[in-house]
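S.K.: coordinates only, sequence not included:
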Ligand SMILES: N[C@@H](CCC[C@H](N)C(=O)O)C(=O)O
């Protein structure tokens with residue numbers, strides 16, 4: 001069967017709608033039913049009026065390397081594949097356990113941004129080891145001659161001071177006096193696509209309350225402002241610590257609620273603890289590329305990963 005025929009026929013794709021502090025996801029098990037979606041299909045599904053509506057699509061795949069339990073793929077609402085999603089990581093851990101794809105409490109997953117470790121806690125809470133932040137500008141990636149804790153950028157003739165951090169994915173963090181009055185809609189899109197970020201960036205607006213409390217809003221690459229961004233919260237924690245404003249443990253309040261963060265400092269991983277929520281299960285008819293389908297067009301069977 002040609003690819004086009006297969007696309008026009010489509011398939012029913014089971015999914016689970018989840019969220020972490022209002023950062024919402026369509027989560028799909030691609031172990032039991034391997035599939036691929038085109039970016040235009042993903043952005044239609046993400047549409048809040050004509051689709052399911054979500055900030056990111058999270059896909060559970062079999063591991064592609066030793067010593068990990070799963071491969072975790074992340075697609076933004078605009079259909080682009082990205083390296084990391086912190087709130088998604090917590091939902092991922094809950095999903096693979098709920099679906100009985102594993103019964104491990106500590107789960108290691110391979111993302112395009114590196115390996116991260118997820119620890120299932122009580123009442124749907126998940127502790128994520130988000131890995132060691134990368135601060136070398138070339139690795140963020142960010143155009144700068146040398147590493148610094150803050151950089152100045154020109155945006156439409158306006159000078160903006162920001163810190164840059166990679167949590168596997170690129171982040172810029174600006175310090176503001178009041179998150180509620182922060183120019184998120186104006187500066188967010190301009191900075192997201194600023195030429196200094198060759199792979200674009202997520203833009204965080206951080207208000208430090210005291211050394212243990214902060215507030216954050218994030219304009220996400222490929223999704224716009226979301227109610228919470230887990231990797232953005234970790235990046236803001238790092239930026240606040242680099243500027244000498246925050247201590248090792250911080251309660252970071254996003255529009256959708258608080259995350260508990262811990263960072264011992266340079267060379268250490270950032271730890272993020274937060275809730276997950278399962279909203280509903282559904283099925284959607286999609287034009288699908290199914291790499292492992294045989295001639296009949298039927299799936300070659302349900303493949304479950306061995307429980308760990
Ligand atoms: N919401 C996420 C981040 C998702 C990816 C991001 N938009 C990017 O393009 O890097 C989180 O909780 O970390």
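M.R.: Received, thanks. Only a predicted model underlies this, so the values are computations on that prediction, with no experimental measurement involved.
S.K.: Going along the chain, name the strands of the stretch 151-300 of the chain.
M.R.: Assigned by DSSP state E, counting those that start in this stretch, the strands in the stretch 151-300 of the chain fall at 151-155, 158-166, 170-175, 202-210, 213-220, 224-226, 249-254, 257-263, 270-274, 277-286.
S.K.: in its sheet, what does the longest one sit against?
M.R.: Looking back up the chat, that one is strand 277-286. Using DSSP bridges, strand 277-286 pairs in its sheet with strand 11-20 (antiparallel).
S.K.: So for the strand it pairs with, mean pLDDT?
M.R.: In this model, strand 11-20 carries a mean pLDDT of 97.
S.K.: With adjacent residues omitted, what lies nearest to residue 83?
M.R.: Among residues not flanking residue 83 along the chain, residue 113 sits closest, at 3.1 Å (Cβ to Cβ, 6 or more residues apart in numbering). The C-beta positions use only the backbone N, C-alpha and C, and glycine is treated the same way.
S.K.: And that neighbour, what's its pLDDT?
M.R.: On the pLDDT scale, residue 113 gets 92.
S.K.: any idea how far residue 28 is from it?
M.R.: As judged by Cβ to Cβ, to the nearest Å, residue 113 and residue 28 stand 20 Å apart.
S.K.: so what's the spatially most central residue of the chain up against?
M.R.: For the chain, residue 85 is the residue whose C-alpha lies nearest the centre (Cα atoms, centre = their mean; 1.6 Å). Residue 85 sits next to 56, 58, 74, 169, 230, 231 when contact means Cβ atoms under 8 Å, 6 or more residues apart in numbering.
S.K.: Try it again at 10 Å.
M.R.: Shown in contact with residue 85 (Cβ atoms under 10 Å, 6 or more residues apart in numbering): 20, 23, 25, 55-58, 72-76, 91-92, 111, 113, 167-169, 220, 223, 229-232.
S.K.: go on, residue 262?
M.R.: If you count contacts by Cβ under 10 Å, 6+ apart, then residue 262 has 127, 234, 237, 247-250, 268-273 around it.
S.K.: Tell me the one of those residues nearest residue 192?
M.R.: residue 234 (18.2 Å; Cβ to Cβ).
S.K.: Now that closest one. Nearest residue, chain neighbours left out?
M.R.: In space, residue 234 is closest to residue 270, 4.2 Å off (Cβ to Cβ, 6+ apart).
S.K.: My read is that that neighbour contacts residue 232, right?
M.R.: No. The criterion here is Cβ atoms under 10 Å, and residue 270 misses it with residue 232 at 11.5 Å.
S.K.: ok, these two, which is more surrounded?
M.R.: Counted by other Cβ atoms under 10 Å, residue 270 and residue 232 do not tie: residue 232 has more neighbours, with 34 against 25.
S.K.: if I look at the more buried one, how far off is residue 146?
M.R.: As defined by Cβ to Cβ, residue 232 lies at a distance of 25 Å from residue 146.
S.K.: How about the residues of the stretch 51-200 of the chain by the ligand?
M.R.: 55, 56, 76, 82, 85, 86, 87, 88, 169 (Cβ under 6 Å from any ligand atom).
S.K.: Looking at those residues, state which has the most neighbours.
M.R.: In those, the most neighbours by other Cβ under 10 Å go to residue 87, 35 neighbours.
S.K.: And stretch 244-253, what's buried?
M.R.: By 16 or more other Cβ atoms under 10 Å, the buried positions in stretch 244-253 come out as 246, 250, 252, 253.
S.K.: Identify the residues contacting the third one.
M.R.: Same thing as residue 252. Contacts of residue 252 by Cβ under 10 Å, 6+ apart are 204, 206, 213-216, 228, 230, 232-234, 236-237, 240, 246, 258-261, 272, 274.
S.K.: redo that, cut-off 6 Å
M.R.: Each residue near residue 252 by Cβ atoms under 6 Å, 6 or more residues apart in numbering is listed here: 214, 216, 233, 259, 261.
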